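Peer 1: Structure for this input, please:
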Amino acid sequence: MAYPVYQLLQHYLAQADGKAMTPLFDLLASAVDVDISPRDKAAMTQELQAMLADVAERERVRQECLNKLTDREVSVLLMMAGGHSYQDAARLLGIGVRTVSHHLENIKSKLALKPHAGMSTVTTTQIIARVFGLDVMPRTG
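Peer 2: All right, here's what the predicted structure looks like:
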C-alpha cells in the first residue's frame, strides 16, 4: 500500500503551524467556493489534528488485535465484517459452520472480550467493533 494518507497528513500537521495550514485550507475552501476566517482555520486545524489522532489510534488497535489472530481467524472475521452469515462464510472459506463459530470463539478469547452489561455473550458485532476501532473514536462518532 502507498503511504497512508492519514500518516501524511499527521506528518504535515506535526511540521506545520497555523500559518502553514492557511494554503491548505484556502485550497479546500476554493474547491467548494466558501470563505473561511482565520479563527475558523485555527479551529479546523485543531479539529483535523484530533480526527487524525483518532484514526491513528484506531489503526493501532486494529493492528494490535489482528496481530493476535491466525490468518484463518482474520479471514473469518473479515467475512463477518463484510456482512456474511456463518453459513456463507463457511461455504466461501471451505470450512464448516461449526468451524466458523469455533474461530469466532477463539478470537473472543484471544482479544479477552467480555460481554457488555446485561448481555450473556460477546456478539460478533462487538468483535468487529473492537477490532476495527469503532469503540475508540468518541470524538468522530
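Peer 1: Hmm, residue 103 and residue 124 touching each other?
Peer 2: No. Applying C-beta atoms under 8 Å as the test, residue 124 and residue 103 come out as separate, 11.0 Å apart. Bear in mind the C-beta positions are built from the backbone N, C-alpha and C, glycine included.
Peer 1: Settle it for me: which of those two has more neighbours?
Peer 2: Legend: neighbour count by other C-beta atoms under 10 Å for residue 124 and residue 103, higher for residue 103 (23 against 18).
Peer 1: Could you double-check that the more buried one sits in contact with residue 74?
Peer 2: No. Between residue 103 and residue 74 there is no contact under C-beta under 8 Å: 9.4 Å.
Peer 1: Residue 92 - how many residues pack around it?
Peer 2: Residues contacting residue 92 under the criterion other C-beta under 10 Å number 12.
Peer 1: Which helix or strand lies directly C-terminal to the helix or strand of the chain with the lowest mean pLDDT?
Peer 2: Ranked by mean pLDDT, DSSP states H and E, the weakest helix or strand in the chain is helix 5-15, scoring a mean of 75. Counting by DSSP states H and E, the next helix or strand C-terminal to helix 5-15 is helix 18-32.
Peer 1: these two touch, right, residue 6 and residue 56?
Peer 2: Yes. Using C-beta under 8 Å, residue 6 is in contact with residue 56, at 6.6 Å.
Peer 1: At which residues are the helices of the chain located?
Peer 2: 5-15, 18-32, 38-66, 71-81, 86-93, 97-110, 124-131 (DSSP state H).
Peer 1: domains in this structure, as residue ranges please.
Peer 2: If you go by automatic domain parsing, the domain ranges for the chain are 5-61, 71-131.
Peer 1: and among those, the most buried is which?
Peer 2: Among the domains of the chain, ranked by average contacts under mean count of other C-beta atoms under 10 Å, first place goes to domain 71-131 (a mean of 15).
Peer 1: What's the end-to-end length of that one?
Peer 2: Terminal residues of domain 71-131 lie 14 Å apart, using C-alpha to C-alpha, to the nearest Å.
Peer 1: starting at the chain centroid, how far to stretch 103-119?
Peer 2: Distance of stretch 103-119 from its chain centroid, counting by C-alpha atoms, centre = their mean, to the nearest Å, is 19 Å.
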